[in-house]
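Student: my questions concern the predicted model and sequence given below.
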Amino acid sequence: MRSAKDFFRPLAVGAPAPVRDVPFRPSRMIHFFDPGNEKMAAKVPSIAPKVDVLLGNLEDAVPADRKEAARAGLVKIARATDFGDTQLWTRVNSLDSPWALDDLLTLGTEIGGKLDVVMVPKVEGAHDIHYVDRLLAQIEAKAGLTRPILVHAILETAAGVGNVEEIAAASPRMQGMSLGPADLAASRRMKTTRVGGGHPGYLVREDPAPGAGEGAPRPTYQQDLWHYTIARMVDACAANGILPYYGPFGDIQDVTGCEDQFRNAFLLGCVGAWSLHPVQIDIAKRVFSPAPEDVAWARRVIAAMGDGTGAVMIDGKMQDDATYKQCQVVAGLADTLAARDPELAGAYAAATEEAAR
Ligand SMILES: CC(C)(COP(=O)(O)OP(=O)(O)OC[C@H]1O[C@@H](n2cnc3c(N)ncnc32)[C@H](O)[C@@H]1OP(=O)(O)O)[C@@H](O)C(=O)NCCC(=O)NCCSC(=O)C[C@H](O)C(=O)O
Ligand SMILES: [Mg+2]
């Protein structure tokens, strides 16, 4: 671990100074596309304005014999496209693969000025982040970049979950973390073959009703396989000033299941999720934007609380310093999203006006 004094020094001569705070930019959906897939690549100009983050994926889901084509495709697309306010991210191949080094070198030197974040898969500990950190500093210096490329870790190995706090704290370059439920399930030897979401076998069953005969029905309730990991990830991220995300939901047709999984993550503290297919973009936008009535309520509490100390009653509910802070989280997020999304800004203003009547 670097000393506190050295933590914000560039790791290579000529590299830009590390950021002191992770800039909070809307990132409700990180939209994955394969830059080597011509049909998907053709959709980039029309999808870019609709998403907060566009991610050129080079890792899993890109066939081994198309890795170079995907990398070259991303360079071409990044050069040809004006992304406006939309962030451009990439997911490079895992650090033990034959492609990771060239992914970082090529993208950093060719399009590093346009690349906001590099997502690193299968991160197992701080050592993986330290490796990428130094390498990116060297690449930034070589390419003459003036802004550091940030790093996002995927939490998708048992070792990574065990080391989640040290990963979150490993570098000022750390932007955030996503859950990778499919690889994590394999790493843990879990017995689900789904990409995220629940499993009907993972449940609790009500006790038998008193006096009910043998075989009487006992309701069951499906449980969330990912609650523990998401909660650990959220705590590690919040404690280190970086952002937590739910990852992928692989059942593209199950839009209800996807929305539920995303909402659980939102309520637990995540700021976004991955969209794997265009149909998931609006789900993420809806879920990771606070509801207008919640924003109106938060603004009402903030207004009633004045300097934020003491206690007041609003509609029979006690409000104090802590609820003031909870409401600031919701109202602050709404303000940031409204600045990017005029439709949302209108809905928030209308609900706030309505609540004030
Ligand atoms: C899942 C898909 C393979 C489905 O593709 P397809 O069968 O082509 O679906 P549709 O026919 O419904 O597609 C309709 C049109 O939309 C285009 N399309 C599809 N997906 C995208 C996209 N992501 N971005 C842009 N455009 C997209 C299709 O080309 C069709 O176009 P057209 O024919 O012209 O109308 C596919 O969606 C897909 O490959 N998605 C990305 C998958 C991916 O990135 N997977 C990796 C992330 S998840 C992961 O890695 C697991 C994680 O790490 C963990 O461990 O948990
Ligand atoms: Mg994975």
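Tutor: Received the coordinates, thanks. Ligands and ions are numbered 1, 2, ... in the order given.
Student: mind checking how far stretch 291-301 is from the chain centre?
Tutor: 24 Å (Cα atoms, centre = their mean, to the nearest Å).
Student: in it, what's buried?
Tutor: P292, D294, V295, A296, W297, A298, R299, R300, V301 (16 or more other Cβ atoms under 10 Å). (Each C-beta comes from the backbone N, C-alpha and C, glycine too.)
Student: widest-spaced pair of the residues you listed?
Tutor: Greatest spatial distance in the buried residues of stretch 291-301: P292 and V301, 15.1 Å, computed using Cβ to Cβ.
Student: show the contacting residues for the closest residue to A311 other than its chain neighbours.
Tutor: In this structure, A311 finds its nearest non-sequential neighbour in D320, 4.4 Å apart by Cβ to Cβ, 6 or more residues apart in numbering. Taking Cβ atoms under 8 Å, 6 or more residues apart in numbering, we find D320 in contact with G310, A311, V312.
Student: in CSV, list the buried residues of stretch 291-301 along with distance to ligand 1 and pLDDT.
Tutor: Converted to CSV, those look like this (distance: Cβ to the nearest ligand atom, whole Å; pLDDT from 0 to 100):
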residue, distance to ligand 1, pLDDT
P292, 29, 98
D294, 29, 98
V295, 30, 98
A296, 34, 97
W297, 35, 97
A298, 33, 98
R299, 36, 97
R300, 39, 97
V301, 37, 97
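Student: now, the residues you listed that are in strands?
Tutor: Among the buried residues of stretch 291-301, none falls in strands (DSSP state E).
Student: which one of those residues is nearest V204?
Tutor: D294 (29.0 Å).
Student: is it true that that closest one touches V330?
Tutor: Yes. At 5.7 Å, D294 counts as touching V330 under the criterion of Cβ atoms under 8 Å.
Student: now do the helices in the stretch 1-150 of the chain.
Tutor: 38-47, 67-80, 100-111, 126-143 (DSSP state H, counting those that start in this stretch).
Student: can you redo these as TSV with distance to ligand 1?
Tutor: TSV is the format used below for these (distance: least, Cβ to the nearest ligand atom, whole Å):
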stretch	distance to ligand 1
helix 38-47	4
helix 67-80	11
helix 100-111	15
helix 126-143	15
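Student: could you dump those into TSV and include mean neighbour count?
Tutor: Shown next, in TSV, are the helices of the stretch 1-150 of the chain (neighbours: other Cβ atoms under 10 Å):
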stretch	mean neighbour count
helix 38-47	14
helix 67-80	18
helix 100-111	19
helix 126-143	19
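Student: what number of residues lie near the closest residue to D128 other than its chain neighbours?
Tutor: Among residues not flanking D128 along the chain, L95 sits closest, at 5.8 Å (Cβ to Cβ, 6+ apart). Neighbour count of L95, defined by other Cβ atoms under 10 Å: 19.
Student: can you give me the pLDDT of L95?
Tutor: Looking at L95, its pLDDT stands at 98.
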